[in-house]
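> one predicted model, sequence on top.
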Amino acid sequence: MNPPSSAQRVLKFGVIGIGNAGGGVLRLMKSMPQVDVVAIADLRPAGRRSAE
């Protein structure tokens, strides 16, 4: 991600559960320059790997 300019605000975002809905939200948030995904959590190792 690009570092924010001094006038740009950044939303720090975390996701718990990388299932169908969580994975879609995570992909969308990762594509937005004003969002910094700071944490993900999933009980399933495959879910965690898919989010990286």
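That came in fine, so what should we check first?

> centroid residue for this structure?
Val37 (3.6 Å; Cα atoms, centre = their mean).

> so what sits opposite it in the bridge?
Phe13 (DSSP bridges).

> contacting residues around the helix or strand hosting Ala39?
If you go by DSSP states H and E, Ala39 is part of strand 35-41. Residues from elsewhere that reach strand 35-41 (Cβ atoms under 8 Å, 6 or more residues apart in numbering): 1, 10-18, 26, 29-30, 48, 51. Backbone N, C-alpha and C define where each C-beta goes, glycine included.

> roughly how far apart are Gly24 and Ser50?
For Gly24, the distance to Ser50 equals 12 Å [Cβ to Cβ, to the nearest Å].

> my bad, should have said Gln34
For Gln34, the distance to Ser50 equals 24 Å [Cβ to Cβ].

> phi, psi for Pro33 please.
Pro33 has phi and psi values of phi -70, psi -20 when expressed as degrees, to the nearest 10.

> typed the wrong thing, it's Gly22
phi -60, psi -40.

> so what's the residue count around Val15?
21 (other Cβ atoms under 10 Å).
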